[in-house]
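**Q** This is a predicted model, with the sequence first.
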Amino acid sequence: MVGLCSSPSLWERLTQKSHPERQTETALSRDLNLFDVSIQGITHMVGGTILVTTPLLIRDVAGPSLCLSYLVSGLIMIFTLLSYMDLSSRYTCIGNAFVYAYTAVCELAAVLAASLIIGENLLTLPFLLKGFSATFDSLLLNGTFLTREHAFFRDVLHMGFLRFDAIAVVSIIVVILINLFPIRRLAMIVNATVIASVVILLGYDIIALVFGSPHNFTSATNPVNGKSGMFPYGYSGFVKGTAISMNAYGSVEIINSLAEETVNPRRTIPLAFALSLTLVCVLYMVTTFCIAYLQPWYSIQGLSGLVGTLSDPRLHVYKWVVGAMVLTVSLVHSIVALTGCSRILYKTAVDGLSFKVLKRVGHKSRAPYISVITIGILAIISCSLLTYDDLVNMTSAQQIIIYVVVNAIAIIKTYHHDAEDQNESYRLIRSSEGEEEVRDLKGLRCRNNLLYGLVGLYLMHCLAFSLVFRLLQLTPVTITILTLILVSGTGLLFFIYYRFPRQEACTASFRCPLMPFTPGLGIFFNMVLVGSLSLQSLYAIIVSAVVGLAVYFSYGVFHSEVTRRKQGLLEELSE
């Protein structure tokens with residue numbers, strides 16, 4: 001019995017998992033229905049991306065072809081969406097990829113997944129509110145405030161490296177205060193705002209079709225650089241536009257982050273996924289077409305987004321209507337982003353992987369107020385150090401990597417044998433009762449470890465394809481290398497399909513079809529899109545992972561709830 005009392009080793013702590021039944025308890029209030037959750041997801045997609053970023057992507061990245069980029073990214077997102085629907089139907093709690101990794105892979109993988117999700121949503125806040133600031137400056141301050149502010153930091157304080165934005169910082173503080181109210185009140189504000197914004201967007205589309213011209217969309221020529229046509233930036237611009245537009249569908253993370261506050265989440269969350277993606281993909285394509293149809297793609301003004309496309313004097317009144325909508329939706333989108341990010345940070349604290357103080361919940365509001373304030377402070381720091389372009393690229397890169405992680409976990413969870421984890425506890429109990437024979441877990445462990453290795457190898461294949469495709473010119477040798485990578489990667493998926501039976505005992509109400517090929521295609525396409533982004537955009541991924549690991553190894557590894565439960569069980573058995 002003495003051996004039972006020994007503490008788990010570091011390796012055992014890193015590779016331990018949480019069980020799904022341990023992820024169902026919540027201190028939060030379940031008030032949200034399908035309409036509420038879907039609207040929050042639509043808000044996250046019909047927010048800063050379509051109102052501010054989309055016009056800038058048309059002008060600087062992809063041209064009018066961006067409407068096709070949204071179509072392609074929406075089709076690619078279907079593969080990931082099916083994985084999300086499969087996984088979300090198994091759980092009833094906050095966490096997204098964090099909970100999926102914790103129950104299917106290991107604690108270390110869960111920490112990395114949580115770091116990516118928190119990092120992406122953390123950067124989304126200043127990204128949205130810098131767009132809010134630019135629109136506010138353009139409408140009410142004649143577009144001069146931000147210029148004077150930057151000149152002050154550069155010439156007077158000699159701190160030109162700062163990208164401080166007073167309007168955005170004040171907006172973040174307002175968002176923090178609003179997030180301290182009960183979630184139901186926030187949902188009511190979000191619902192009303194989204195309905196109004198969709199109506200105004202449809203009005204914008206009608207006005208664009210009336211006042212625009214087909215020439216603007218198909219053959220407008222930039223007099224400065226001579227670029228013209230629907231694809232002015234060529235194939236590379238189209239692919240980069242597709243990669244950045246993947247960030248538009250980041251609402252899947254926000255939807256899942258509300259699972260602990262949703263009625264019947266196993267049914268509601270998958271339906272909210274499908275409904276949000278379908279509606280918003282159509283809306284993005286139509287609005288992007290109308291933006292490029294209304295005026296030449298190169299003439300969009302400043303960073304004010306949709307407001308900058310309404311330069312026609314005849315549209316002056318509607319410009320103010322759209323501007324008011326952009327300001328309102330950007331602010332509400334920021335509220336939703338902070339809500340999701342703070343809930344994930346709260347969940348890591350509940351599981352003992354981050355500091356205990358982060359799981360404090362307001363007595364009346366039932367909101368995790370310490371997590372909300374922490375994320376807000378970090379957002380202010382990010383807002384002061386990064387430019388708008390930096391934030392766009394970094395959030396896109398992190399979002400795509402999250403999609404890759406979710407697809408990989410979907411494969412692992414489908415073919416992983418949970419009996420190994422269950423029998424680990426049974427073995428301790430049976431040993432304490434003096435039974436001599438214990439079920440041999442070596443075969444199951446080897447099988448599961450082989451599955452982890454095959455999925456990891458497939459990820460390496462997709463990464464290799466992305467790097468070769470980006471760095472080398474398409475010569476016969478390069479094409480041969482790419483073909484071999486594709487064939488060997490496909491072989492790995494077929495090996496998993498034929499050699500690993502699907503998990504029999506499954507509580508999921510939805511199963512991803514054509515497993516493992518559906519999530520496999522999601523991994524492949526997302527990896528290719530990551531390769532089209534700049535290397536600087538990957539810095540945020542590295543920083544998020546390093547910070548997450550630092551917190552885990554300094555605190556979480558010693559306070560994990562899974563470790564505490566195991567130690568408690570061992571102490572009971574030793575008595």
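**A** Ah, there it is.
**Q** From residue 132, how far off is residue 530?
**A** Distance, residue 530 to residue 132, using C-beta to C-beta, to the nearest Å: 28 Å. For the C-beta atoms, the positions are set from N, CA and C on the backbone; glycine is no exception.
**Q** Which one of these two is surrounded by more residues?
**A** Neighbour tally, residue 530 and residue 132, criterion other C-beta atoms under 10 Å: the higher count belongs to residue 132, 27 against 24.
**Q** I'd like the distance from the more buried one to residue 104, if you could.
**A** Distance from residue 132 to residue 104, by C-beta to C-beta: 38 Å.
**Q** Residue 246 too?
**A** Note on residue 246: its distance to residue 104, by C-beta to C-beta, is 23 Å.
**Q** With residue 464 instead?
**A** For residue 464, the distance to residue 104 equals 25 Å [C-beta to C-beta].
**Q** quick one, which of those two is more surrounded?
**A** residue 104 (26 against 17).
**Q** which residues touch the more buried one?
**A** Applying C-beta atoms under 8 Å, 6 or more residues apart in numbering, we find residue 104 in contact with 17, 409, 412-413, 416.
**Q** Surely residue 533 is within a strand?
**A** No - going by DSSP: H, G, I helix; E, B strand; the rest coil, the assignment for residue 533 is coil, not a strand.
**Q** Pretty sure it sits against residue 393.
**A** Yes - counting by C-beta atoms under 8 Å, residue 393 is a contact partner of residue 533 at 5.8 Å.
**Q** List the residues that are in contact with both of these two.
**A** Common contacts of residue 533 and residue 393, defined by C-beta under 8 Å, 6+ apart, comprise residue 244.
**Q** Who has more neighbours out of those two?
**A** Using other C-beta under 10 Å, the more surrounded residue of residue 533 and residue 393 is residue 393, with 25 against 20.
**Q** Spell out the secondary structure type for the more buried one.
**A** helix.
**Q** just to revisit the earlier point, which two of the contacts of residue 104 have the greatest separation?
**A** Using C-beta to C-beta, the contacts of residue 104 reach their maximum pairwise distance at 17 and 409, which is 11.9 Å.
**Q** Tell me which helix or strand comes right after the helix or strand that contains residue 525.
**A** Following DSSP states H and E, the helix or strand that holds residue 525 is helix 517-530. Heading C-terminal from helix 517-530, the first helix or strand you meet, by DSSP H and E, is helix 539-551.
**Q** wouldn't residue 559 be in contact with residue 354 here?
**A** No - the criterion here is C-beta under 8 Å, and residue 559 misses it with residue 354 at 9.0 Å.
**Q** Looking at the two, which one has more neighbours?
**A** When residue 559 is set against residue 354 and neighbours are counted by other C-beta under 10 Å, the residue ahead is residue 354, at 26 against 16.
**Q** Name the nearest residue to the more buried one, ignoring sequence neighbours.
**A** Closest residue to residue 354 apart from its sequence neighbours, by C-beta to C-beta, 6 or more residues apart in numbering: residue 348 at 4.3 Å.
**Q** could you check the distance from the one you found over to residue 357?
**A** For residue 348, the distance to residue 357 equals 12 Å [C-beta to C-beta].
**Q** cool, and residue 105?
**A** Applying C-beta to C-beta, the value for residue 105 to residue 357 is 27 Å.
**Q** Compare these two (neighbour count), which wins?
**A** Applying other C-beta under 10 Å to residue 105 and residue 357 shows that residue 105 carries more neighbours, namely 23 against 10.
**Q** check contacts around the spatially closest residue to the more buried one that is not a sequence neighbour.
**A** Distances taken as C-beta to C-beta, 6+ apart put residue 412 closest to residue 105, at 6.2 Å, once the chain neighbours are dropped. Listed by C-beta under 8 Å, 6+ apart, the contact partners of residue 412 are 104-105, 451-452, 455.
**Q** what packs against whatever helix or strand residue 342 lives in?
**A** If you go by DSSP H and E, residue 342 is part of helix 316-350. Packing partners of helix 316-350 (3 or more C-beta pairs under 8 Å, 6 or more residues apart in numbering; DSSP states H and E): helix 34-45, helix 48, helix 97-104, helix 107-140, helix 166-178, helix 183-211, helix 251-257, helix 369-385.
**Q** want to throw these into JSON lines with mean pLDDT and distance to residue 344?
**A** Listed next are the helices and strands packed on helix 316-350 as JSON lines, based on pLDDT from 0 to 100; distance: least, C-beta to C-beta, whole Å:
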{"stretch": "helix 34-45", "mean pLDDT": "73", "distance to residue 344": "14"}
{"stretch": "helix 48", "mean pLDDT": "62", "distance to residue 344": "20"}
{"stretch": "helix 97-104", "mean pLDDT": "80", "distance to residue 344": "6"}
{"stretch": "helix 107-140", "mean pLDDT": "83", "distance to residue 344": "5"}
{"stretch": "helix 166-178", "mean pLDDT": "83", "distance to residue 344": "16"}
{"stretch": "helix 183-211", "mean pLDDT": "76", "distance to residue 344": "14"}
{"stretch": "helix 251-257", "mean pLDDT": "68", "distance to residue 344": "6"}
{"stretch": "helix 369-385", "mean pLDDT": "87", "distance to residue 344": "8"}
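**Q** and of those, who's closest to residue 80?
**A** helix 251-257 (7.5 Å).
**Q** Could I get the buried residue list for the helix or strand following the closest one?
**A** Using DSSP H and E, the helix or strand that follows helix 251-257 in sequence is helix 265-294. Neighbour-count burial for helix 265-294, counted by 16 or more other C-beta atoms under 10 Å, picks out 265-266, 268-270, 272-277, 279-281, 283-294.
**Q** other SSEs contacting helix 265-294?
**A** helix 34-45, helix 54-57, helix 66-88, helix 183-211, helix 214-218, helix 251-257.
**Q** which of those helices sits most buried?
**A** Among the helices and strands packed on helix 265-294, helix 251-257 has the highest mean neighbour count (mean count of other C-beta atoms under 10 Å), at a mean of 28.
**Q** Which of the contacts of residue 412 scores worst on pLDDT?
**A** Taking the contacts of residue 412 together, the minimum pLDDT is found at residue 104 (77).
**Q** just to confirm, which helix or strand has the nearest residue to that one once chain neighbours are set aside in it?
**A** Ranked by C-beta to C-beta, 6+ apart and with sequence neighbours excluded, the top spatial neighbour of residue 104 is residue 413, at 4.2 Å. Element membership for residue 413, per DSSP H and E: helix 388-415.
**Q** tell me the mean pLDDT over that helix?
**A** 86.
**Q** Also stretch 341-359?
**A** Mean pLDDT, computed over stretch 341-359, is 85.
**Q** Right, I'll leave it there.
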